[in-house]
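1. Here is a sequence together with a model predicted from it:
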Amino acid sequence: MEIIREIRQAVGRILQRDYAFTDETILINATKPEFEGDYTVVLFSFVKALKKKPEELGNELGAALLRENAALFSAFNVIKGFLNLTVSDGFWLDFVYRESDNQDFGRSPRRGSRVMIEYSSPNTNKPLHLGHLRNNFLGWSIAEIYKANGYDIVKTCIANDRGIHICKSMIAWQLFANGATPESTGIKGDHLVGDYYVLFGNEHKKQVAGLVAAGMDKDTAEKEAPIMKAAQQMLVDWEAGKPEVHALWKKMNGWVYAGFDETYRRIGSDFDKTYYESNTYLLGKELVERGLENGVFEKEADGSVWIDLTADGLDRKIVQRKDGTAVYITQDIGLAVKKYEEFHAGLSIYVVGDEQNYHFKVLKLICRKLGLPSADGIFHLSYGMVELPTGRMKTREGTVVDADDLLDEMIAEATRKTKELGKTEDFSLDELEELYRIIGLGGLKFFLLRVDPKKRMVFNPEESIDLHGYTATFIQYAYARIRSILRKEAGPAGGAAGSPLLPLEKALAINLERFPAVLDQACQEMNPSVLAAYLFELAKTYNSFYAEHSVSGAETAEKKALRLRLCMLTATVLRNGMNMLGIRVPERM
RNA sequence: GGCCCGGUAGCUCAGUUGAAUAGAGCAGCAGCCUUCUAAGCUGCGGGUCAUUGGUUUGAAUCCAAUCCGGGUCACCA
């Protein structure tokens, strides 16, 4: 059992027996470094109820704990309202000797509960950018964290492969491309299609300016611009199944998927199942029909279909256009049903940016009103946008940070730094390529995952991502140093001695022991940054230990055995923990 | 304007189910490679926790008001 829970139970037992106090909230913290002890019981919360002085209660409680748990505690002291407990060396030694060979330390057994997680959700009209990277890394990592906690995971991706935005690139390609293809231009397919999406925007703007100059008001001009009319017509034609429109659509989407696949392979993103909006929107439209029949939705005179959510504090929301075509939320209703029918997951996580908070609120409410069994399991994991120092990335201003470019830059930076340090002369070319990728990609992933997902974050493209300090490189380096020691040393010999533990040996053991609790917290909060912070803390503690104490040259055989075991367990936790962030660790660097 | 989210060191971020003197990293300064990898270690400086008031033995954390920033309220996705 985890030490904090063990302490909490021991304290709870005594409080209940000696003071008839049964409150569940016993606060236990790690003892601050400036005080003596390992864990601290905060007494304030129950001194009032017990009508005792904190000092008195602390001393009584401390004495009872020591008397009744002689194997667990070795000392205590009371300062103000804080009872500081020192956990005996025996506990930490038992822990290290028990777990040091356990490659699965921290992983929970399977619990037979299925969770779906949807992430990435690209549009097939432009390449992936920095925001998609945060999304992909988050989704992939949360899936791994759930797996470590014993859940069965189904990773899905919804390709937003149809809709007016897709038609815009298609129209622009028809008008301006002269048949250009990825092959004929040498441009990666998703980038090529993205270029025509941008071209559509430029041409549209030009046409609007012309109409406004001719006296039309701006709003009307935006709708009436010929290129916009053409895109709208194309969407109607697409939904009507017009063959040449579908042929073009398939061709261009094919280019985009080939480009995405390349990027996904590079960043290690994968999915158990990819859904396509082009397959789910029809089910959505069926559900709209059904909702009309039982009065959940209402039809306007012009044919558009709405839901009135004003009674729930929201607005009226359109679910189908007057021309009968589906809107964004139509397909999401269909998708929710499809996912549930296929996998019956109790929890279905959607990793989607916080700009869509309202959308998911509405989606869940609509699903409830339609009486869909999938409704309650819908959970929007709302993450903050990645911003530049100047604010949001904007396509129009050309400030979007492209995923492929950024990956190239990170790997180039890792290459430059590695060469500068000159420690890899004996690496083969393949090993070098591998190392550059591990460091470059790891650096980017850690940078994006170390921040609380819910919060907005700033990325400064002027400064390359750091490879020092609170970074993946720091943790990878600690791992490589451990592996270097373990390569040179045979397995740990010697018995369970090693006491008394030196402060840094104990600090390392304390940190290692927290790993399962950290995984549990990261899972419950759906927050990889909890894990990232922990791994950094652990690596930092290890580096201090490493600088202070020799493993190979330990004073006694027992000490050497203990330190080797600490090294083994630290390596396991760093490797497994980093892997759950989607980051690999090198044997040498 | 309605609703939602945020404001902590020069910068990027932890800490927000109330608890000891508010923590990291970067940047800055000073040390440390005859010893398992210096992508490291050790130390120093740096704070009106947006502001004001309130609740409490105790507030960055809870409440109220104000200021500032962002998102959203599309027949875009």
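-> Everything's here; your move.
2. what comes up buried for the lowest-mean-pLDDT helix or strand in chain A?
-> The weakest-scoring helix or strand in chain A, judged by mean pLDDT, DSSP states H and E, is helix A:44-50 (a mean of 80). Buried positions in helix A:44-50, judged by neighbour count with 16 or more other CB atoms under 10 Å: A:46, A:47, A:50. In this view, the C-beta of every residue, glycine as well, is placed from N, C-alpha and C.
3. Figure out how far it is from the centre of its chain.
-> 40 Å (CA atoms, centre = their mean, to the nearest Å).
4. RNA strand B contacts on the stretch 151-300 of chain A?
-> Taking CB under 7 Å from any atom of the strand as the contact definition, the stretch 151-300 of chain A meets RNA strand B at A:160, A:163, A:164, A:165, A:277, A:300.
5. Nearest to residue A:310 among the residues you listed?
-> Checking those against residue A:310 by CB to CB gives residue A:300 as the nearest, at 15.5 Å.
6. And for the closest one, nearest residue in space, chain neighbours not counted?
-> Among residues not flanking residue A:300 along the chain, residue A:306 sits closest, at 6.4 Å (CB to CB, 6 or more residues apart in numbering).
7. Helix or strand: which one has the one you found?
-> In this structure, residue A:306 is located in strand A:305-308 according to DSSP states H and E.
8. For that strand, C-alpha coordinates in PDB please.
-> C-alpha atoms of strand A:305-308 as PDB (Å, rounded to 0.1, in the frame of the first residue of the first chain):
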ATOM      1  CA  VAL A 305     -34.000  22.900 -38.400                       C
ATOM      2  CA  TRP A 306     -33.400  24.200 -34.900                       C
ATOM      3  CA  ILE A 307     -33.300  23.300 -31.300                       C
ATOM      4  CA  ASP A 308     -34.400  25.700 -28.600                       C
END
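9. Among the buried residues of helix A:44-50, which one lies nearest to residue A:552?
-> Distance to residue A:552, by CB to CB, is smallest for residue A:46 among the buried residues of helix A:44-50, at 49.0 Å.
10. which residues touch the closest residue to that closest one other than its chain neighbours?
-> Leaving aside its sequence neighbours, residue A:46 sits nearest to residue A:21 (CB to CB, 6+ apart; 5.9 Å). The contact partners of residue A:21, by CB atoms under 8 Å, 6 or more residues apart in numbering, come to A:15, A:46, A:49, A:50.
11. circling back: I'd like the residues of the stretch 151-300 of chain A next to RNA strand B as a markdown table, with pLDDT appended.
-> Shown next, in a markdown table, are those (pLDDT from 0 to 100):
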| residue | pLDDT |
| --- | --- |
| A:160 | 93 |
| A:163 | 88 |
| A:164 | 90 |
| A:165 | 92 |
| A:277 | 92 |
| A:300 | 91 |
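12. Which pair of those residues spans the longest distance?
-> A:160 and A:300 (25.8 Å).
13. Compare these two and say which is more crowded by neighbours.
-> Relative neighbour count places residue A:160 above the other of residue A:160 and residue A:300, with 17 against 10, counting by other CB atoms under 10 Å.
14. Now that one. Its backbone dihedrals?
-> The phi/psi pair for residue A:160 (degrees, to the nearest 10) reads phi -80, psi 80.
15. Please report how far it lies from residue A:116.
-> To residue A:116, residue A:160 is 18 Å away according to CB to CB, to the nearest Å.
16. Kindly report the same for residue A:248.
-> Residue A:248 is 33 Å from residue A:116, by CB to CB.
17. So which of the two has more stuff around it?
-> Set side by side, residue A:248 and residue A:116 show more neighbours around residue A:116, with 26 against 18, by other CB under 10 Å.
18. Look up how far RNA strand B lies from that one.
-> 20 Å (CB to the nearest atom of the strand, to the nearest Å).
19. Which residues of the stretch 1-150 of chain A lie near RNA strand B?
-> Within reach of RNA strand B by CB under 7 Å from any atom of the strand, the stretch 1-150 of chain A has these residues: A:27, A:29, A:31-32, A:34-35, A:37, A:40, A:42, A:44-45, A:48, A:79-82, A:84, A:123.
20. same thing but at 6 Å, please
-> A:31-32, A:34-35, A:40, A:42, A:44-45, A:79, A:81-82, A:84, A:123 (CB under 6 Å from any atom of the strand).
21. and the residues you listed, which of them are in strands?
-> If you go by DSSP state E, these have A:40, A:42, A:79, A:82, A:84 in strands.
22. Need the residues you listed in a markdown table (columns: distance to residue A:359).
-> Converted to a markdown table, those look like this (distance: CB to CB, whole Å):
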| residue | distance to residue A:359 |
| --- | --- |
| A:40 | 45 |
| A:42 | 42 |
| A:79 | 52 |
| A:82 | 47 |
| A:84 | 50 |
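23. And these, which of them are buried?
-> Of these, these count as buried by 16+ other CB under 10 Å: A:40, A:82, A:84.
24. Report whether the expected contact of the last one with residue A:65 is present.
-> If I follow you right, that is residue A:84. No. The criterion here is CB atoms under 8 Å, and residue A:84 misses it with residue A:65 at 11.4 Å.
25. anything in contact with each of those two?
-> Jointly contacting residue A:84 and residue A:65 under the rule CB under 8 Å, 6+ apart are residue A:76.
26. The residue nearest to residue A:46 belongs to a helix, doesn't it?
-> No. According to DSSP: H, G, I helix; E, B strand; the rest coil, the state of residue A:21 is coil, so it is not within a helix.
27. End to end on stretch A:232-246, go ahead and measure it.
-> Using CA to CA, to the nearest Å, the end-to-end distance of stretch A:232-246 comes out at 15 Å.
28. What average pLDDT does it get?
-> Taken as a whole, stretch A:232-246 carries a mean pLDDT of 93.
29. for stretch A:533-545, same thing?
-> pLDDT averaged over stretch A:533-545 gives 97.
30. any residues touching that stretch, and which ones?
-> For stretch A:533-545, the external contacting residues (CB under 8 Å, 6+ apart) are A:450, A:470, A:474-475, A:477-479, A:482, A:504-505, A:507-508, A:511-512, A:514-515, A:518, A:566, A:570, A:573-574, A:577-578, A:581.
31. what element comes up after the stretch of helix or strand residue A:143 belongs to heading to the C-terminus?
-> Using DSSP H and E, residue A:143 sits within helix A:130-148. Using DSSP H and E, the helix or strand that follows helix A:130-148 in sequence is strand A:152-159.
32. Can you mark which positions in the host helix or strand of residue A:200 are buried?
-> Assigned by DSSP H and E, residue A:200 falls within helix A:189-213. Using 16+ other CB under 10 Å as the burial criterion, the residues of helix A:189-213 that qualify are A:189-200, A:203-204, A:207-208, A:211.
33. got it, and stretch A:411-424?
-> Neighbour-count burial for stretch A:411-424 flags A:411, A:413, A:414, A:415, A:417, A:418 (criterion: 16+ other CB under 10 Å).
34. I'd like to know which of the residues you listed are part of helices.
-> A:411, A:413, A:414, A:415, A:417, A:418 (DSSP state H).
35. For RNA strand B, see how far away the last one is.
-> So that's residue A:418. Residue A:418 is 4 Å from RNA strand B, by CB to the nearest atom of the strand.
36. Is that residue in contact with residue A:589, as I believe?
-> Yes. Look at residue A:418 against residue A:589 with CB under 8 Å: they come within range, at 7.4 Å.
37. list residues touching both of these two?
-> Joint contacts of residue A:418 and residue A:589 (CB under 8 Å, 6+ apart) are A:424, A:435, A:439.
38. List just the nearest of the buried residues of helix A:44-50 to residue A:254.
-> Checking these against residue A:254 by CB to CB gives residue A:46 as the nearest, at 66.4 Å.
39. I'd like the distance between the residue nearest to residue A:300 and residue A:93.
-> For residue A:306, the distance to residue A:93 equals 68 Å [CB to CB].
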